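Generate coordinates for the sequence data below:
(one chain, ligands or ions: 1)
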Amino acid sequence: MYFIMDFVTIQDRLFCNDSELCTQEKIRTIVYDVPQRVSLVAALRIRDVIQQKQREGKACVLGLATGSTPCKVYAILCEMHVRGELSFRNVHTFNLDEYYPMQKTSQQSYYQFMHTHLFSQVDIPQENIHIPDGECRFEDVQEYCQHYDQQIALLGGIDLQLLGIGKTGHIGFNEPGSQADSTTRMIYLDKITKADAASDFYNVHHVPRKAITMGVGSILGAKRILILAFGEGKAGIVRTSIEGPVTSQVPASYLQGHPDCTFFLDTASCASLTRFSCPWTIKG
Ligand code: PGA
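I've put the predicted structure just below:
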């Protein structure tokens with residue numbers, strides 16, 4: 001147990017793009033000093049939407065991400081549950097992606113990741129958990145993917161989508177070239193994505209070439225989106241996504257068109273934004 005909440009507060013928001021320095025930023029962007037604080041803010045927003053839905057007697061549909069970025073968010077949510085402050089009884093989850101092919105029992109599977117970091121530690125009903133099935137027969141994948149999007153729609157859509165961002169600008173595994181209206185589908189992974197995953201698989205040649213991913217359109221259908229990025233390695237793609245043109249070459253740039261999307265950054269991942277890297281170029 002991390003007990004992150006004991007030493008992190010949310011009093012210290014450093015920057016928000018509500019000033020004249022931020023005219024080039026096309027997505028609401030909030031910066032905190034360290035990833036722990038960003039994670040606490042994200043966890044509190046997730047808690048609030050779950051509890052709001054509980055008060056209304058309704059199900060809460062969460063879109064969830066894997067990777068290193070959301071780990072602390074999940075640790076904090078588990079901590080809230082252990083403290084008796086948060087129940088997941090009304091929560092339905094849809095994960096963004098899974099490698100293909102991938103056995104659920106494999107230590108690299110996102111199925112294992114989610115059960116280790118969240119599901120095994122909270123009271124979510126097993127039948128409410130949805131993770132793209134890396135064991136699906138190849139000939140059934142297309143139908144399976146359509147059914148995945150239908151299940152989301154049947155529950156009324158995603159209330160809150162949590163996202164990370166890959167160095168290619170992918171959200172989920174929607175690699176460059178993905179269309180704005182793409183739905184859940186099989187996709188080939190970009191070379192950079194495979195290189196980033198190589199250490200998990202002990203060798204880049206062991207990284208699966210394909211994955212099943214929720215589409216860009218499936219993601220943009222969420223009512224609210226929180227996208228998190230940490231570390232200087234993400235600074236370049238963060239800037240391109242927030243300040244650059246909307247293009248299929250940077251799938252995260254599609255988030256510029258979403259009515260309720262917020263980027264949460266630490267001080268390292270925000271460093272290339274114009275307001276920090278060269279504020280003197282901004283017209284007053
Ligand atoms: P990361 O991956 O959280 O491990 O940096 C993010 C992503 O690829 O979407």
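
Quick check: closest non-adjacent residue to residue 274.
residue 24 (5.3 Å; Cβ to Cβ, 6 or more residues apart in numbering). For the C-beta atoms, the positions are set from N, CA and C on the backbone; glycine is no exception.

Can you pull the residues of the stretch 51-200 of the chain lying near the ligand?
67, 68, 69, 164, 165, 166, 170 (Cβ under 6 Å from any ligand atom).

right, and the pair among those with maximum separation?
Greatest spatial distance in those: 68 and 170, 14.7 Å, computed using Cβ to Cβ.

Those two: which has the busier surroundings?
Remark: of residue 68 and residue 170, residue 170 carries more neighbours, 27 against 12, as counted by other Cβ atoms under 10 Å.

is it true that the more buried one touches residue 254?
No - taking contacts as Cβ atoms under 8 Å, residue 170 lies outside contact range of residue 254: 11.1 Å.

ok, residue 258 to residue 26 distance?
11 Å (Cβ to Cβ, to the nearest Å).

wait, what's in contact with residue 165?
Neighbouring residues of residue 165 by Cβ atoms under 8 Å, 6 or more residues apart in numbering: 69, 171, 227, 229, 234, 237, 238, 241, 252.

And residue 77, by the same measure?
When contacts are counted by Cβ under 8 Å, 6+ apart, residue 77 touches 43, 46, 47, 86, 118, 122.

Pull up the gap between the closest residue to the fifth one other than its chain neighbours and the ligand, please.
Computed as Cβ to Cβ, 6+ apart, the closest residue to residue 118 that is not its neighbour in sequence is residue 74, at 4.4 Å. Counting by Cβ to the nearest ligand atom, to the nearest Å, the gap between residue 74 and the ligand amounts to 12 Å.

does residue 74 belong to a helix or a strand, and which?
helix 71-82 (DSSP states H and E).

residues of that helix that come out buried?
Residues of helix 71-82 classed as buried under the neighbour-count rule (16 or more other Cβ atoms under 10 Å) are 71, 72, 73, 74, 75, 76, 77, 78, 79, 80, 81.

what does stretch 89-105 give?
Buried, per 16+ other Cβ under 10 Å, within stretch 89-105: 90-102.

looking at it, residue 242 is touching residue 25, isn't it?
Yes - using Cβ under 8 Å, residue 242 is in contact with residue 25, at 5.1 Å.

So these two - more neighbours on which side?
residue 242 (27 against 18).

wait, what's in contact with that one?
Per Cβ under 8 Å, 6+ apart, neighbours of residue 242: 25, 26, 27, 29, 256, 263, 273.

Relative to residue 267, how far out is it?
According to Cβ to Cβ, residue 242 stands 15 Å off from residue 267.

Over to residue 169?
In this view, residue 169 and residue 267 are 21 Å apart by Cβ to Cβ.

What of residue 141?
41 Å.

Please apply the same query to residue 217.
Distance of residue 217 to residue 267, given as Cβ to Cβ: 33 Å.

What's the mean pLDDT across the helix or strand harbouring residue 226?
Taking DSSP H and E as the criterion, residue 226 maps to strand 225-229. Across strand 225-229, pLDDT averages out at 98.

between that strand and helix 71-82, how many degrees?
The directions of strand 225-229 and helix 71-82 differ by 120 degrees, with axes from the mean of the first three to the mean of the last three Cα atoms, to 10 degrees as the criterion.

going on from strand 225-229, what's the next piece of helix or strand?
helix 235-243.

which helices and strands does the next helix-or-strand element following the helix holding residue 74 pack with?
Next helix or strand after helix 71-82 toward the C-terminus (DSSP H and E): strand 91-95. Applying 3 or more Cβ pairs under 8 Å, 6 or more residues apart in numbering; DSSP states H and E, we find strand 91-95 packed against strand 60-64, helix 110-117, strand 129-130, helix 141-154.

Skipping its backbone neighbours, what lies nearest the residue in the stretch 1-150 of the chain positioned nearest to the ligand in space?
Nearest residue of the stretch 1-150 of the chain to the ligand, counting by Cβ to the nearest ligand atom: residue 67, 2.7 Å away. Nearest non-adjacent residue to residue 67, counting by Cβ to Cβ, 6+ apart: residue 164, 4.8 Å away.
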